[in-house]
Structure formats: structure tokens, C-alpha cells
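# Sequence below, structure please.
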Amino acid sequence: MNRPLRSNCRDAILLMVACVLWTFTTAVFSQPAAPSDAGLSAPALTPFSSASGTVPPAPWHVVGLPNSRKPLTQFDITPIDGHAVLRVQTNRSYANLVHELPNVVPAPGTQLRWRWRLDEPLREADLRRREGDDSPLKVCALFDMPLDKLGFVERNLLRAGRSVSGEKLPSATLCYVWDATLAPGTLLDNAFTHRVRMMVLDSGEQRLGQWVEHTRDLGADFRRAFGHESATVPPLEAILVGGDADNTGGHSLGYVADVTLSP
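Numbering: from 1, shown residues only. As a prediction, this is how the structure comes out:
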């Protein structure tokens with residue numbers, strides 16, 4: 001292999017690691033347990049409303065990009081309308097609030113529920129372009145899809161990324177987002193990696209300052225996003241809540257109430 005080709009392969013691997021670390025970083029997850037065939041018996045997501053102060057309750061924890069100088073998106077608990085909710089503030093920043101889960105296959109009909117409210121949007125965001133790849137609010141489900149379900153190139157890039165990082169990087173991430181312009185129902189690949197799919201639930205500014213409730217069938221949404229790769233729903237590794245404005249250099253403010261899983 002000549003030097004330019006070696007360099008291109010190395011750059012591709014490093015880009016894959018950086019892209020997949022969009023939702024993952026060192027020391028976030030321990031090695032997963034063996035998947036259970038019993039299905040998902042409603043693993044508890046610790047409610048934000050259970051916090052005793054302003055810090056999100058454990059095991060929720062903030063995850064930024066490794067070896068990055070980018071400021072972290074700010075997550076804190078604050079009272080809104082008499083309820084303790086999560087406040088998500090971006091300012092040229094990037095971070096996720098992650099809640100690990102048992103490596104359990106979701107039962108048919110498993111629903112992910114939450115309420116969110118956007119007060120200050122990211123008007124320059126455009127998920128179709130890397131320069132605009134930001135979301136003021138997102139709720140994501142991380143799945144452990146078997147590598148043999150991936151295409152040859154992505155499978156080997158992910159293997160290389162795991163080898164370089166020393167971590168079990170996620171193979172399939174589905175993110176529900178509040179976007180600036182794309183129509184609700186839009187489904188698209190993340191601008192940096194096909195291993196992350198973005199599903200727009202709310203768009204624009206008509207509902208700014210209003211609580212919007214969502215109930216999503218995880219299995220149905222996974223099949224819509226990744227069904228061409230896997231007919232079965234793989235184990236869940238984590239749920240995360242996030243917001244980022246590092247690509248647009250913008251600022252946003254939003255809130256997320258308790259996130260729950262139920263079969």
C-alpha cells in the first residue's frame with residue numbers, strides 16, 4: 001500500500017471515530033451484558049424530577065467529546081410550572097446527558113415518552129450539512145446492532161474505530177430532534193456518519209415556549225431508520241438527552257421533562 005492510500009485509510013478511521021463519538025466517549029459504557037430474550041421489562045430511567053438539587057440525578061451523567069476544547073452544553077435541574085425539569089443550554093457547545101441501560105432487547109411496542117419545550121431556537125442549524133449539524137434538543141436511543149448487519153465498509157470502519165479508541169462504539173443510534181426548518185417526520189442520516197439517523201419531531205418556531213409531548217414506538221422507529229440493515233430490534237445500550245451548537249456557533253435554550261420507557 002502506498003503512502004497516500006495509507007494516509008487516506010488512517011484519516012477515514014479517525015473520522016469514523018470522531019463521528020461515532022458524536023454520541024459516545026471513553027468510559028461511558030462498561031462492557032454490555034448478554035442480551036436477554038425476555039424482552040424489555042421497563043428498565044427504569046431515573047426521572048429528572050427526582051433530583052434533590054440542580055445536578056441531574058445519577059446515573060445521568062454529562063459526556064463531551066474526548067480531547068476537545070469545545071465548551072460543554074449545560075445541563076441542570078430547574079423548576080418550571082411547579083415541576084423539576086432538565087434545562088438544556090447550548091452556547092457554541094457540545095455535550096450529551098447519558099443514562100446507561102441494561103443490554104436488553106426492547107419488547108414489541110416499547111414506548112419512549114417525554115415532554116420538551118424550546119424557548120430559544122438554533123436558526124442557523126441545517127442537519128443536511130456538516131456546518132449546520134446542530135440540534136437545540138434531542139433525545140436519542142443507542143442500539144447494539146450486530147456488526148454483520150452493517151455494510152462491508154461501515155463494518156470495518158467501525159471495527160477500526162473500536163480498535164483505535166479502545167471502546168465499544170455504538171453501531172446504531174436513533175435521535176429524535178427539534179429542528180429549525182425540516183418538516184416533522186423527516187428522517188435523514190447524520191451529516192457525519194450513517195451510524196446515526198435523525199428523525200425530526202418538531203420544527204420551526206410556532207411552538208416556542210410550549211410543552212410538546214411525544215410517545216414513540218422504539219421498535220417501529222428503529223425499523224423505519226435501520227430496517228434495511230436489520231429486521232430485528234437489537235439491544236438498547238443507553239438513552240441520552242442532548243443539545244449542541246458547536247458547528248453553527250449559536251445559542252439555544254430548552255427544557256426536557258422526565259423521560260420514561262414502558263413496554
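# Low-confidence bits of the stretch 51-200 of the chain, can you list those?
145-170 (pLDDT under 70).
# can you rerun that using 80?
Residues of the stretch 51-200 of the chain that meet the criterion pLDDT under 80 lie in 66-67, 103-105, 145-171.
# Show me where it has its helices.
All helices of the stretch 51-200 of the chain, identified by DSSP state H, counting those that start in this stretch, fall at 152-165.
# hey, where'd the strands end up in it?
Per DSSP state E, counting those that start in this stretch, the stretch 51-200 of the chain carries strands over the ranges 61-63, 74-80, 83-91, 94-104, 111-120, 135-143, 172-179, 187-189, 196-203.
# Could you check the angle the second one makes with strand 94-104?
Right, strand 74-80. Counting by axes from the mean of the first three to the mean of the last three CA atoms, to 10 degrees, strand 74-80 points 80 degrees away from the direction of strand 94-104.
# from the chain's centre, how far out does strand 74-80 sit?
Chain-centre distance of strand 74-80: 19 Å, with CA atoms, centre = their mean, to the nearest Å.
# could you redo the strands of the stretch 51-200 of the chain as TSV and give each row mean neighbour count and distance to A231?
The way it works is simple: take the backbone N, C-alpha and C, and place the C-beta from them, glycine included. Shown next, in TSV, are those (neighbours: other CB atoms under 10 Å; distance: least, CB to CB, whole Å):
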stretch	mean neighbour count	distance to A231
strand 61-63	17	31
strand 74-80	15	36
strand 83-91	21	34
strand 94-104	21	19
strand 111-120	20	20
strand 135-143	25	14
strand 172-179	24	13
strand 187-189	14	18
strand 196-203	20	16
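# Mind putting those strands into TSV with distance to R216?
Shown next, in TSV, are the strands of the stretch 51-200 of the chain (distance: least, CB to CB, whole Å):
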stretch	distance to R216
strand 61-63	22
strand 74-80	22
strand 83-91	18
strand 94-104	16
strand 111-120	5
strand 135-143	9
strand 172-179	7
strand 187-189	13
strand 196-203	8
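# For G249, which of these is the nearest?
strand 83-91 (9.2 Å; CB to CB).
# Walk me through which strands the closest one pairs with, and which way each runs.
Here strand 83-91 has these sheet partners by DSSP bridges: strand 74-80 (antiparallel), strand 251-256 (antiparallel).
# Now do the longest one: everything it contacts.
For strand 74-80, contacts defined as CB atoms under 8 Å, 6 or more residues apart in numbering pick out 48, 51, 53-57, 62, 84-91, 93, 95, 97, 117, 241, 255.
# What angle do strand 111-120 and that strand make with each other?
Using the same axes, to 10 degrees: strand 74-80 against strand 111-120 is 90 degrees.
# per-residue pLDDT, R224?
R224 is assigned a pLDDT of 96 by the prediction.
# again, but for the one 10 residues further on
In the predicted model, P234 carries a pLDDT score of 89.
# Show me the beta-bridge partners of the spatially closest residue to G242 that is not a sequence neighbour.
In this structure, G242 finds its nearest non-sequential neighbour in N96, 3.9 Å apart by CB to CB, 6 or more residues apart in numbering. Beta-bridge partners for N96, by DSSP bridges, are V63, G242.
# what's the answer for C175, then?
Here C175, judged by DSSP bridges, has bridge partners C140, M198.
# give the contact list for it.
So, once contact is read as CB under 8 Å, 6+ apart, C175 ends up touching 23, 135, 138-140, 190, 196-199.
# cool, L118 as well?
Contacts for L118 (CB under 8 Å, 6+ apart) come out as 136-137, 178, 202, 207-209, 252-254.
# Chain neighbours aside, what residue packs nearest to it?
Closest residue to L118 apart from its sequence neighbours, by CB to CB, 6+ apart: G254 at 4.4 Å.
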